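1. following is a predicted model, sequence given first.
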Amino acid sequence: MAGKTVDETRMVMSRLMQPPDANSWGNVHGGAIMRMVDEAGGVAAIRHSRCQAVTVSMDRMTFKQPVHIGDLLTIRACLTFTGRSSMEVEAVIEAENIRTGEVRYAGTCYLVYVAIDDQGHPVPVPPLLVRTDEERARWRAAEQRRALRASHEEGASA
């Protein structure tokens, strides 16, 4: 199975935030942002695997800046790591005031997807080809997050 580069997995999704996305104070609901993050991350995972991909986990999401009605919410997603059938995706969240052009960093989170076949069974994914120092550093950080997730799972089953 031929590997794929990080650039081949990149996904950018933008959407103008509307009143149904927000609370009565004009702040976009975290759940609306999380849904968009999951959609962008899922596309990146499917681009890499060319299979259906299901969300296994989403690491902690901390919102660094509010997102308001009228902001252009942009999610930039790409793979950082691959296992046998699993893929980790980094999603960077930005909010742009389209009237002023100000772009605010709103947060980053990591999601894990598993590629599945039509019967819902995990299938192998192509290796991720990391080529730059930055991509190698993201791979190493992803390995640490993977080990941390595994240790949490072991602790939860004890």
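-> Good, I have the coordinates. Just so we're clear, the structure is a prediction, and the values are computed from it rather than from any experiment. Residues are numbered from 1 along each chain as shown.

2. got the contact list for residue 102?
-> Applying CB atoms under 8 Å, 6 or more residues apart in numbering, we find residue 102 in contact with residue 96. In short, each C-beta sits where N, CA and C put it, glycine included.

3. phi and psi next, for it.
-> Summarising the backbone geometry of residue 102 under the convention degrees, to the nearest 10, its torsions are phi -70, psi 130.

4. how about residue 134?
-> Main-chain torsions, residue 134, degrees, to the nearest 10: phi -60, psi -40.

5. look up the pLDDT of the nearest residue to residue 38 once chain neighbours are set aside for me, please.
-> Sequence neighbours aside, residue 55 is the residue nearest to residue 38 in space, at 5.8 Å (criterion: CB to CB, 6 or more residues apart in numbering). According to the model's per-residue confidence, residue 55 sits at a pLDDT of 98.

6. can you check residue 130 too?
-> Predicted confidence (pLDDT) for residue 130: 97.

7. quick one on the thing from earlier: what's near enough to touch the residue nearest to residue 38?
-> For residue 55, the set of contacting residues under the criterion of CB under 8 Å, 6+ apart consists of 38, 41-42, 111-113.

8. for it, which residues count as its bridge partners?
-> residue 113 (DSSP bridges).

9. change the start of the numbering to 21 and stick with it
-> Yep, numbering from 21; the last one is residue 75 now.
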